[in-house]
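1. Just need the structure, nothing else, for what follows:
(2 chains, ligands or ions: 1)
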Amino acid sequence: MRVKLKIWRQKDANSKGAFVNYDFDGASPEMSFLEMLDALNTRLIEKGEDPIAFDSDCREGICGACGMYINGYPHGPVKGITTCHLSMRYFKDGQNIVVEPWRSKAFPVIRDLIVDRNSFDKIQVAGGFISTNVGSAPDSHAIPVIKEKSDHSFDSAICIGCGACVAACKNASAMLFVSAKVSQYAQIPQGKIEAKERVEAMIQKMDELGFGNCTNTGACEAQCPKEISVINIARMNREFYVAKIS
Amino acid sequence: MSSFLGSSLTKKIVMAFAGLFLIMFLLVHLGLNLFLLSDDPGPFNKAAHFMASNPVIKIFELVLMGGFLLHILWGVILQIQNWLARPVRYKKMAETQISFFSKYMIYTGGIILIFLIIHFVNFYFVKLGLVEGDHENFYGMAHELFQLPGYVVFYLVALLILGFHLNHAFQSAFQTLGLNHETYTPCIKFVGLAYSIVVPAGYAVIPLIIYFVK
Ligand code: FES
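-> Down below sits the predicted model:
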């Protein structure tokens, strides 16, 4: 299988990047997109060229490390999957594929397709936690949680923090990520204690870091590999207003 | 408190409330405009006079101006921040499944602002005495304008754009205010869609009737 790739190459954060064309005939339909890039990199190394830098870790859709903007979509054109799960059989033989890093002021490019997603960590550090006593594991039923609530909390918690929402949003807004992280705690008793401080601190940090403002376009929800709903954003807004007026 | 006033969410809630207020006002204004269809200028001019002189309406007018200013000001500030948030654009962007008109709010808003300025020069400034005209006969002035084919076309185009703006605005305001619910949100979206069609259409009927029938 042959693909005509146009890939963003950038030496480091301070260099000017540019697109480089690769006509690559070593792909096969059963490869994942990352495996195809691995194969291309092997070829580049054999030729004595610099391999293309990209992030990946688990390669099974759970860590959120991978992520690139493929033919106009974060994580590629297939709904509900990460780049590592994107299979080459979704592309046609001979297809042109443009590969870019996430574009956002808050996610500067470090090299080629790798961006610095530390901003998400900073938001998490600002409030994405609960305080609890460490030591032996607590009794499993010491705090009763309504099943429906714990399910909803889990639906928010499956966010892997890959940054596709920011990449997809025309405003480069991080609202879907932040709202998922606020929501996972907001719906269970363990998270209630610090609820007010959490939502205020996380939103303040998000604003400081230079993410854009949400205009409710819904692109984040449409492109999220974990299909996190914008209902989370409405919930976070409620949490924020309640925190401010109470 | 400063973290509250400076927060992006606060700006958005201001946008949403001001926007919803303006949406309500559109309905009141449409109600008045329908008097233009009467052959007798009396009812419309009386209503316009009442709107211009009643002290309660005067307060309402100030709130309305504030609503316009806040909505425009925050809209522009938020948009500039959003442009700055992505300094390097994508080479290739695909159509994602999003509310179509949401992508063009700043542009549709800009066109509505141009319409608003012209509308102010035509009527509101006359009332204030800044522009010459008979402020006791807005009926006659409106009828004169609606005889000009250029003005009618411009008016209709502005209304179409207003419909596009409203299409996203209504449901978006509710989402911003934190109201998103499995059962109610589809209803809100439906009401928003219906409003964005019916209200501009209601306004559009008036110049069409005056131009073609009267
Ligand atoms: S590499 Fe872990 S999600 Fe793709």
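
2. Now for the residue sitting furthest away from the middle of chain B: which residues touch it?
-> The centre of chain B is farthest from one residue, residue B:91, which by C-alpha atoms, centre = their mean lies 34.4 Å away. Residues near residue B:91 by C-beta atoms under 8 Å, 6 or more residues apart in numbering or on different chains: A:6, A:19, A:98, A:100. C-beta here means a position set from N, CA and C on the backbone, and glycine is covered the same way.

3. Mind doing that once more with 10 Å?
-> A:6, A:8, A:19, A:69, A:72, A:98, A:99, A:100, A:103 (C-beta atoms under 10 Å, 6 or more residues apart in numbering or on different chains).

4. Then residue B:63?
-> For residue B:63, the contacting residues are B:18, B:21, B:25, by C-beta under 10 Å, 6+ apart.

5. That one is in what secondary structure piece?
-> helix B:55-84 (DSSP states H and E).

6. Just the buried residues of the contacts of residue B:63.
-> Buried members of the contacts of residue B:63, counted by 16 or more other C-beta atoms under 10 Å in any protein chain shown: B:18, B:21.

7. Out of the contacts of residue B:63, the closest to chain A would be?
-> residue B:18 (14.9 Å; C-beta to the nearest C-beta).

8. give the contact list for the residue nearest to the closest one when sequence neighbours are not counted.
-> Distance criterion C-beta to C-beta, 6 or more residues apart in numbering or on different chains; nearest residue to residue B:18, sequence neighbours excluded, is residue B:71 at 4.0 Å. For residue B:71, the contacting residues are B:14, B:15, B:16, B:17, B:18, B:19, B:20, B:21, B:22, B:109, B:113, B:169, by C-beta under 10 Å, 6+ apart.

9. what ranges do the helices span in chain B?
-> B:2-6, B:8-33, B:41-53, B:55-84, B:105-119, B:125-128, B:138-145, B:149-176, B:184-212 (DSSP state H).

10. meant to ask about chain A
-> Using DSSP H, helices in chain A cover A:33-46, A:118-127, A:147-157, A:164-168, A:175-186, A:189-192, A:195-208, A:219-223, A:231-245.

11. do the second one and chain B meet?
-> No: in this structure, helix A:118-127 remains apart from chain B according to C-beta under 10 Å from any C-beta of the partner chain; the gap is never smaller than 11.3 Å.

12. Low-confidence bits of chain B, can you list those?
-> Within chain B, the segments meeting pLDDT under 70 span B:1-5, B:97.

13. repeat that with 90
-> In the predicted model of chain B, residues B:1-7, B:42, B:45-61, B:92-101, B:120-138, B:141, B:181-183, B:213-214 satisfy pLDDT under 90.

14. burial of the nearest residue to residue A:126 once chain neighbours are set aside, as a residue count?
-> Closest residue to residue A:126 apart from its sequence neighbours, by C-beta to C-beta, 6+ apart: residue A:205 at 3.9 Å. As a burial measure, residue A:205 scores 20 neighbours (other C-beta atoms under 10 Å in any protein chain shown).

15. ok so, going back, distance of the residue farthest from the centre of chain B from the ligand?
-> 23 Å (C-beta to the nearest ligand atom, to the nearest Å).

16. Likewise for residue A:125?
-> Using C-beta to the nearest ligand atom, one gets 21 Å for the distance from residue A:125 to the ligand.

17. That residue against residue A:198, yeah?
-> No: using C-beta atoms under 10 Å, residue A:125 makes no contact with residue A:198, being 11.6 Å away.

18. Of these two, which one has the most company?
-> Ranked by neighbour count (other C-beta under 10 Å), residue A:125 and residue A:198 place residue A:198 first, with 23 against 13.

19. That one and residue A:128 touch, don't they?
-> Yes: if you go by C-beta under 10 Å, residue A:198 and residue A:128 touch, sitting 7.4 Å apart.

20. so what sits against both of those two?
-> A:181, A:182, A:185.

21. Can you tell me which of the contacts of residue B:63 comes closest to the ligand?
-> residue B:18 (41.3 Å; C-beta to the nearest ligand atom).

22. Can I get stretch A:10-24 as PDB, trimmed to CA atoms?
-> Provided in PDB are the C-alpha atoms of stretch A:10-24 (Å, rounded to 0.1, in the frame of the first residue of the first chain):
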ATOM      1  CA  GLN A  10      10.100  21.200  12.900                       C
ATOM      2  CA  LYS A  11      13.500  20.800  14.600                       C
ATOM      3  CA  ASP A  12      12.600  22.300  18.000                       C
ATOM      4  CA  ALA A  13      10.300  24.800  19.600                       C
ATOM      5  CA  ASN A  14      12.300  27.800  18.300                       C
ATOM      6  CA  SER A  15      12.800  26.700  14.700                       C
ATOM      7  CA  LYS A  16      10.500  27.400  11.900                       C
ATOM      8  CA  GLY A  17       8.800  24.300  10.700                       C
ATOM      9  CA  ALA A  18       7.600  23.300   7.200                       C
ATOM     10  CA  PHE A  19       5.800  20.500   5.500                       C
ATOM     11  CA  VAL A  20       7.800  17.700   3.900                       C
ATOM     12  CA  ASN A  21       6.400  15.300   1.400                       C
ATOM     13  CA  TYR A  22       7.000  11.500   1.700                       C
ATOM     14  CA  ASP A  23       5.900   9.100  -1.000                       C
ATOM     15  CA  PHE A  24       5.800   5.900   1.000                       C
END
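
23. The spatially most central residue of chain A and the ligand, how far apart?
-> Centroid-nearest residue in chain A, with C-alpha atoms, centre = their mean: residue A:162, separated by 1.7 Å. Distance from residue A:162 to the ligand, counting by C-beta to the nearest ligand atom: 7 Å.

24. Need the pLDDT of that residue.
-> Residue A:162 is assigned a predicted lDDT (pLDDT) of 97.

25. Give me the nearest residue to it, chain neighbours excluded.
-> That would be residue A:64: by C-beta to C-beta, 6+ apart, it lies 3.8 Å from residue A:162.

26. coming back round to it: for the residue farthest from the centre of chain B, give me phi and psi.
-> phi -70, psi -50 (degrees, to the nearest 10).

27. quick one: it from residue A:101, how far?
-> Distance of residue B:91 to residue A:101, computed by C-beta to C-beta, to the nearest Å: 11 Å.

28. per-residue confidence at the closest residue in space to residue A:214 that isn't next to it in sequence?
-> Using C-beta to C-beta, 6+ apart and skipping residues adjacent in sequence, the residue nearest residue A:214 is residue A:175, 4.1 Å away. We have a pLDDT of 97 for residue A:175.

29. And for residue A:175, the neighbour number?
-> Neighbours of residue A:175 using other C-beta under 10 Å come to 29.

30. ok so, going back, would you mind listing which of the contacts of residue B:71 are buried?
-> Using 16+ other C-beta under 10 Å, the buried members of the contacts of residue B:71 are B:14, B:15, B:16, B:17, B:18, B:19, B:20, B:21, B:22, B:109, B:169.

31. Check those and tell me the two furthest apart.
-> By the measure C-beta to C-beta, B:17 and B:109 form the most distant pair in these, at 16.3 Å.

32. If you count neighbours, what's buried in stretch B:49-63?
-> So stretch B:49-63, judged by 16+ other C-beta under 10 Å, has buried residues B:51, B:52.
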